[in-house]
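Chemist: only geometry, no sequence info:
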């Protein structure tokens, strides 16, 4: 988008195509609408301006700035998007401008940053898991599990020079599209989200050890 659509403008479209629409659903930040199409299919809509998308591409594809998980999600959206309306080719021009090979410096930065988060710094996710197990803090455990997995998947997609596809069906996507995967990839991840106590810590350490093995080769 090159400018913002008002709620009234969006509502007029939804009234024609949807059974229900929830506008301005900004509880988690960003700019979102949700609707249920007349077919009964739910749809989540996230709005991005061209300026914000360009800034994101600049940060990651030109400045090589990593995040703690989900680094290249917007890159994946931009380059994977089906263009339905772009009369002045502003979006297409932006895609052409940033097209190219996966930047090696970005790849290294994503791997380094997220490896530090897993177990390389004092407040690493592994350390936080150990503390939460010791305190029997179930809420903290589940919170850290998600953060641990976010950094882990960011590393996996960077190792494979693939943009991050988001948060849905990540195990399946990795199995289908990633040639570089740690041993026992699926089994360890599924165990990681169901184990408790010392068993959870054992699996977390095993995930990190398996990751270190492939990092040495790639």
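Modeler: Structure received. Bear in mind that the values here come from a model prediction, so they are computed numbers and not experimental data.

Chemist: the residue sitting nearest the centre point of the chain in helix, strand or coil?
Modeler: Among the residues of the chain, the one closest to the centroid is residue 70, at 3.0 Å (CA atoms, centre = their mean). Secondary structure, DSSP: H, G, I helix; E, B strand; the rest coil: residue 70 is coil.

Chemist: for it, what are phi and psi?
Modeler: phi 60, psi 30 (degrees, to the nearest 10).

Chemist: can you name the residues that contact it?
Modeler: 150, 154, 164, 166-167 (CB atoms under 8 Å, 6 or more residues apart in numbering). All C-beta atoms are positioned from the backbone trio N, CA, C, and that covers glycine.

Chemist: 7 Å instead?
Modeler: Residues in contact with residue 70 (CB atoms under 7 Å, 6 or more residues apart in numbering) are 150, 154, 164.

Chemist: do the same with residue 31
Modeler: Applying CB under 7 Å, 6+ apart, the residues near residue 31 are 46-47.

Chemist: show the pLDDT at it.
Modeler: Looking at residue 31, its pLDDT reads 76.

Chemist: equivalent analysis for residue 43, please.
Modeler: In this model, residue 43 is scored at 89, pLDDT.

Chemist: SS state for the residue nearest to residue 32 when sequence neighbours are not counted?
Modeler: Nearest in space to residue 32, with sequence neighbours left out and distances taken as CB to CB, 6 or more residues apart in numbering, is residue 25 at 4.6 Å. With three-state DSSP as the basis, the three-state label of residue 25 is coil.

Chemist: confirm for me that residue 25 is in contact with residue 45.
Modeler: No. When contacts are counted by CB atoms under 7 Å, residue 25 is not listed as touching residue 45 (9.2 Å).

Chemist: mind listing the shared neighbours of the two?
Modeler: 32-33.

Chemist: can you give me the helices in the chain?
Modeler: Assigned helices in the chain, in chain order: 7-17, 50-57, 73-80, 90-98, 104-115, 125-135, 138-159, 170-177, 185-192, 197-217 (criterion: DSSP state H).

Chemist: just the angle for the second one relative to helix 90-98, thanks.
Modeler: Orientation of helix 50-57 against helix 90-98 (axes from the mean of the first three to the mean of the last three CA atoms, to 10 degrees) gives an angle of 20 degrees.

Chemist: show me which residues of helix 50-57 are buried.
Modeler: 53-54, 56-57 (16 or more other CB atoms under 10 Å).
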